[in-house]
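In: Pasting a predicted model and its sequence here:
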Amino acid sequence: MSNLELEPQETLCGAELDGAAADVELLVPRDVPLGGPRAMPVRRTLPSKERSLIGAWCFLDHYGPDDVSRTGGMRVPPHPHTGLQTVSWLFTGEVEHRDSAGHHAFVRPGELNLMTAGRAINHSEYSTPRTTILHGAQLWTALPDASRHVEPGFERYVPEPVTLTTPDGNAVGETRVFLGQLAGSQSPVRTHTPLLGAELLLKPGAAVVLAVDPAFEHGILAENGPALVEGREAAHSTLAYVGVGRAELHLENPTSDPLRLLLLGGTPFEEEITMWWNFVGRSHEEIVEYRAAWQREIGAETGLGVGPSDDGGRFGPIVDLTDGDNPLPAPVLPQVRLRPRGGARERKSP
């Protein structure tokens, strides 16, 4: 998915100052319209003013349940990415994906669709005509320096549900682990840093204690909250952050309805990166270069169109346009120098 804000903020990404076992921190979502005159609203919790990353997770949009007859659904024309992976996870509906590496897929509920941008890619995302209600999450992970220039790629994985139980064997819910490992389930999908991604469903009034890697920091999205995370209430669409140093996570459904959670985790991202619009880079100069290349390849200076060469240049050939849509032009850069921050230097700062 693209970041469609017309004036995207420079995001200074990296591990923030935290103790070894931080208290639960609540990241409240902000509403962002996802393009078009009938924009589909999304709720964004990463990046936020309080926190840029959780592990390598650097972007989280939560959307729906969305009546596509009212909003028009998801309609994201070709747009670029660098230095990241996109993770698409649906609860309801269907989205058609096409990318410049030649992949064409339909994103469906309970199926991981992971696109590696690597050195550069462009792709489009449209909810399908048979979709009436669209509901899901779009996430990005930042690639470390050793992997950020890899060739673009795409993977699909359908995790099997695993029953969650109490110590005495009572079933309290289930989980689908799409990245990493949890509750005896392990995803085969390769990640470039240690990561965890899972959907959890808890029965009404149920509680669960999950064994987790104490080297990970975690984010728990109360998808249809409220939820209790380590005893602290997280409202609907709020992302609860838990720092490193915990070997267990205590999660509870305080309601009389089933509760769905998204659990994200990873080791703190050590590198300094700069994220602006749909690009993850390491310097102001890189972001300027990525933007200029995309604008040139879509013909933004002379009217939108296919790039100047057969292979489309850095971002590959522009994927098929739908219903006369044009590729998304990049917003104007801010009138300040983009500053890379984060990593060990930021954690050591006062």
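Out: Sure thing, it's come through.
In: count of residues packed around D323?
Out: Neighbourhood size, D323 [other CB atoms under 10 Å]: 7. Where C-beta positions appear, they are placed from N, C-alpha and C, glycine not excepted.
In: residue contacts, the residue nearest to P65 when sequence neighbours are not counted?
Out: Nearest in space to P65, with sequence neighbours left out and distances taken as CB to CB, 6 or more residues apart in numbering, is H135 at 4.3 Å. Applying CB atoms under 8 Å, 6 or more residues apart in numbering, one finds that H135 lies in contact with Y63, G64, P65, D66, L90, F91, T92, G93.
In: which stretch of helix or strand covers the second one?
Out: Right, the one you point to is G64. Assigned by DSSP states H and E, G64 belongs to strand 57-67.
In: List the buried residues in that strand.
Out: Buried residues in strand 57-67, counted by 16 or more other CB atoms under 10 Å: W57, C58, F59, L60, D61, H62, Y63, G64, D66.
In: confidence score at the residue nearest to P65?
Out: On pLDDT, H135 comes in at 97.
In: now swap in the one 10 residues further on and tell me
Out: Each residue has a pLDDT score; the one for D145 is 96.
In: let's number from 143 now, not from 1
Out: All right, first residue 143 from here; so that's D287.
In: about what we covered before: and after the strand holding G206, which helix or strand comes next?
Out: helix 210-213.
In: Could you point out which residue ranges in the stretch 393-492 of the chain have low pLDDT?
Out: Low-confidence segments of the stretch 393-492 of the chain, defined by pLDDT under 70: 443-454, 483-492.
In: How far does stretch 301-312 sit from its chain's centre?
Out: Relative to its parent chain, stretch 301-312 has a centroid offset of 26 Å by CA atoms, centre = their mean, to the nearest Å.
In: Which residues outside it are in contact with it?
Out: By CB under 8 Å, 6+ apart, stretch 301-312 touches 252, 254, 313-320, 325-327, 329, 342, 344, 349-352.
In: Mind checking what secondary structure E427 has?
Out: helix (DSSP: H, G, I helix; E, B strand; the rest coil).
In: what separates it from D287, distance-wise?
Out: 15 Å (CB to CB, to the nearest Å).
In: Give me the spatial nearest neighbour of the spatially most central residue of the chain, chain neighbours excluded.
Out: With distances taken as CA atoms, centre = their mean, the chain has L281 as the residue nearest its mean C-alpha position (0.9 Å). In space, L281 comes closest to V229 once its chain neighbours are excluded; the distance is 4.2 Å by CB to CB, 6+ apart.
In: was I right about that neighbour contacting L321?
Out: Yes - contact status for V229 versus L321: in contact at 7.3 Å, counting by CB atoms under 8 Å.
In: neighbour count winner among the two?
Out: The neighbour count for V229 versus L321, taken as other CB under 10 Å, is higher for L321 (28 against 24).
In: Quick one: the helices in this structure, in order.
Out: Assigned by DSSP state H, the helices in the chain fall at 210-213, 426-439, 485-490.
In: And the ones you listed: which comes nearest L405?
Out: Closest to L405 of the helices of the chain is helix 485-490 (CB to CB; 23.6 Å).
In: Off-centre distance for stretch 238-257?
Out: Remark: stretch 238-257 is offset 14 Å from the chain centroid, using CA atoms, centre = their mean.
In: just to revisit the earlier point, sort out for me which of the contacts of stretch 301-312 are in strands.
Out: Applying DSSP state E to the contacts of stretch 301-312, the entries found in strands are 254, 313-320, 327, 342, 344, 349-352.
In: coming back round to it: mind checking which of the contacts of stretch 301-312 are buried?
Out: 254, 314-320, 325, 327, 329, 342, 344, 350, 352.
In: check contacts around V430.
Out: L475.
In: From T380, how far off is it?
Out: 35 Å.
In: Using PDB, write out the CA atom coordinates for the strand holding G206.
Out: Below are the C-alpha coordinates for strand 199-209, written out as PDB (Å, rounded to 0.1, in the frame of the first residue of the first chain):
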ATOM      1  CA  TRP A 199       8.100  -2.900  11.800                       C
ATOM      2  CA  CYS A 200       8.000   0.700  10.600                       C
ATOM      3  CA  PHE A 201       4.400   1.200   9.200                       C
ATOM      4  CA  LEU A 202       1.000   0.000  10.300                       C
ATOM      5  CA  ASP A 203      -2.300   1.000   8.700                       C
ATOM      6  CA  HIS A 204      -5.500  -0.600  10.000                       C
ATOM      7  CA  TYR A 205      -8.600  -0.100   7.900                       C
ATOM      8  CA  GLY A 206     -12.300  -1.200   7.900                       C
ATOM      9  CA  PRO A 207     -14.700  -2.700   8.200                       C
ATOM     10  CA  ASP A 208     -15.100  -0.500   5.100                       C
ATOM     11  CA  ASP A 209     -18.300  -0.500   2.900                       C
END
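In: helices or strands up against that strand?
Out: strand 172-176, strand 182-188, strand 226-234, strand 275-284, strand 359-364, strand 401-408, strand 415-418 (3 or more CB pairs under 8 Å, 6 or more residues apart in numbering; DSSP states H and E).
In: Determine how far it lies from the middle of the whole chain.
Out: Counting by CA atoms, centre = their mean, strand 199-209 comes out at 8 Å from the chain centroid.
In: if we can go back for a sec, export the contacts of H277 as a markdown table, with columns for pLDDT and distance to V384.
Out: Formatted as a markdown table, these follow (pLDDT from 0 to 100; distance: CB to CB, whole Å):
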| residue | pLDDT | distance to V384 |
| --- | --- | --- |
| Y205 | 95 | 24 |
| G206 | 93 | 25 |
| P207 | 95 | 27 |
| D208 | 92 | 29 |
| L232 | 98 | 25 |
| F233 | 98 | 23 |
| T234 | 97 | 28 |
| G235 | 97 | 30 |
